[in-house]
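Visitor: could you work out the structure for the sequence below:
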Amino acid sequence: MSETAPWITYRPELKVLDCTIRDGGLINNHLFTDEVVRAVYETCIEAGIDYMEVGYKNSPRLFSNDEFGPWRHCDEADLNRLFPEHDAQETGLKLCAMADAEKSDFREQIVPRSESVLDMIRVAFYAHQVSDAVEMIEHCHSLGYETCANLMAVSNIEDVEIDTVLTAIADTPAEVMVIVDSFGYLYREQIDRLYKKYATAMEGTGKEIGIHAHNNQQLAFANTIEAIILGSNRADATMAGLGRGAGNCPMELLLGFLRNPKFRLRPIVKLLEDHILPLRETVDWGPSIPYNITGQMNLHPRAAMEFRASATPDNLVDFYDKIFSDI
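Guide: Here you go, the predicted structure:
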């Protein structure tokens, strides 16, 4: 087999981000045990992964400590307790957290980078929140963090809105602009079009294009591959695809595809066996018919999540009829 085949995608500049605890926490209110979070951290180091997103920097006023676990807030005390010896230069792994526009008390919650184990803040926002996102990015940059812009639900807005957002983000210090398929709706052709749009808008700014895919139509891995082939140098994935609803691009598939010798698959397989697969006893994620339906309809998966948690999760025709009666 030719080693110059187009699917050989080795690029040393391509960086992988693990968002297992952050995205996966959306299915269990971020109530992971310290053992699981620490195991993911140690696996990321062993596997050669570049970034680990440990959770959200979102407001305890909106997400009560009585209901949500520590990784919904990523308080510095919890970060220091779980990662007391963390050093990105020694481990090769950078830690990051996501702050949602209008859900984060970012001026109070985010301390200077010199006082935190975090290296990057990823700002997530909807198109109508772009002004808030720009303010958050500039603030976090002024504190010394790497920054990243995640425009959510891009499949649900018009081109003029996307263009407005990209123009605003191009002028910020964010290092990365991420294509986010929040509803798992996009196909390869749409990934192609969005990548070209994003790359053109960021041309000359030094920004990388990232990809964050959801698996409602079982296309998260395929769409991540497509973005990488087109030139994306930042890719998100989770262990066993653990994530909200249908989940995300599985890390074990992504690292196998990248063919970069710095990545090691065995530590991930070990983590899956010891910590991730046992979670299926208490939480539900991964492709299923309800998520497939919401993905095809370009809908938020919350209705499918509620249905999967109901007393009749196998009454698929009832779910189908309800979704289409609401349209």
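Visitor: where does the stretch 1-150 of the chain have low pLDDT?
Guide: Within the stretch 1-150 of the chain, the ranges that satisfy pLDDT under 70 run 1-9.
Visitor: all helices of the protein, in order?
Guide: Ranges of helices within the chain are 20-24, 34-47, 76-82, 88-91, 106-109, 130-142, 159-170, 188-202, 220-230, 251-258, 266-271, 289-296, 302-308, 316-325, based on DSSP state H.
Visitor: and these, which is most packed in?
Guide: helix 20-24 (a mean of 27; mean count of other CB atoms under 10 Å). All C-beta atoms are positioned from the backbone trio N, CA, C, and that covers glycine.
Visitor: tell me what that helix is packed against?
Guide: helix 34-47, strand 51-56 (3 or more CB pairs under 8 Å, 6 or more residues apart in numbering; DSSP states H and E).
Visitor: now the ones you listed in a markdown table, with distance to Arg72?
Guide: Shown next, in a markdown table, are the helices and strands packed on helix 20-24 (distance: least, CB to CB, whole Å):
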| stretch | distance to Arg72 |
| --- | --- |
| helix 34-47 | 13 |
| strand 51-56 | 5 |
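Visitor: between the ones you listed, which one is nearest to Asn80?
Guide: Closest to Asn80 of those is strand 51-56 (CB to CB; 12.0 Å).
Visitor: quick one: strands adjacent to the closest one?
Guide: Sheet pairing of strand 51-56 (DSSP bridges) gives strand 15-18 (parallel), strand 94-100 (parallel).
Visitor: could you give the separation of the longest one from the chain centroid?
Guide: Relative to the mean C-alpha coordinate of its chain, strand 94-100 is positioned 10 Å out (CA atoms, centre = their mean, to the nearest Å).
Visitor: can you tell me what sits against that strand?
Guide: Here strand 94-100 makes contact (CB atoms under 8 Å, 6 or more residues apart in numbering) with 17, 19, 22, 50-58, 74, 79, 83, 86, 88, 106, 109-110, 117-125, 136, 140, 146, 148, 150.
Visitor: for the first one, same thing?
Guide: Contacts made with strand 15-18 from outside it, assessed by CB under 8 Å, 6+ apart, are listed as 40, 44, 49-53, 96, 210, 233-239, 251, 254-255, 258, 263.
Visitor: next: stretch 151-171.
Guide: Identification of contacts with stretch 151-171 by CB under 8 Å, 6+ apart yields 124-127, 130-131, 133-134, 137, 149, 177-183, 185-186, 190, 194, 197-198, 201-202, 205, 207, 298, 300.
Visitor: are any of the contacts of strand 15-18 buried, and which?
Guide: 40, 44, 49-53, 96, 210, 233-239, 251, 254-255, 258, 263 (16 or more other CB atoms under 10 Å).
Visitor: related to what we said a few turns ago, now render the helices of the chain as CSV, adding distance to Phe68.
Guide: Output for these, formatted as CSV (distance: least, CB to CB, whole Å):
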stretch, distance to Phe68
helix 20-24, 13
helix 34-47, 14
helix 76-82, 12
helix 88-91, 27
helix 106-109, 14
helix 130-142, 21
helix 159-170, 28
helix 188-202, 32
helix 220-230, 25
helix 251-258, 24
helix 266-271, 24
helix 289-296, 23
helix 302-308, 16
helix 316-325, 27
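Visitor: so which of the ones you listed is nearest Val283?
Guide: helix 20-24 (8.3 Å).
Visitor: can you get me a residue count around Tyr187?
Guide: Look at Tyr187: counted by other CB atoms under 10 Å, it has 13 neighbours.
Visitor: who are the contact partners of the nearest residue to it once chain neighbours are set aside?
Guide: Nearest non-adjacent residue to Tyr187, counting by CB to CB, 6 or more residues apart in numbering: Leu219, 6.8 Å away. Contact partners of Leu219, counting by CB under 8 Å, 6+ apart, are 184, 186-188, 213.
Visitor: out of these, which are inside strands?
Guide: Ala213 (DSSP state E).
Visitor: which among the contacts of Leu219 gets closest to Asp321?
Guide: Using CB to CB, the contacts of Leu219 come closest to Asp321 at Gly184, 21.3 Å.
Visitor: I figured the closest one was touching Asn215, is that so?
Guide: Yes: contact criterion CB atoms under 8 Å: Gly184 and Asn215 qualify, at 5.7 Å.
Visitor: please tell me how far Leu299 sits from Ser182.
Guide: 10 Å (CB to CB, to the nearest Å).
Visitor: sorry, that was for Pro278
Guide: 28 Å.
Visitor: looking at the two, which has the bigger crowd around it?
Guide: The neighbour comparison of Pro278 against Ser182 (other CB under 10 Å) goes to Ser182, with 23 against 11.
Visitor: now the phi/psi pair for that one, please.
Guide: Backbone torsions of Ser182, given as degrees, to the nearest 10, read phi -60, psi -30.
Visitor: surely it and His300 touch.
Guide: Yes: using CB under 8 Å, Ser182 is in contact with His300, at 7.4 Å.
Visitor: overlap of the contact sets of Gly184 and Asn215?
Guide: Residues within reach of Gly184 and of Asn215 at once, by CB under 8 Å, 6+ apart, are 246, 291.
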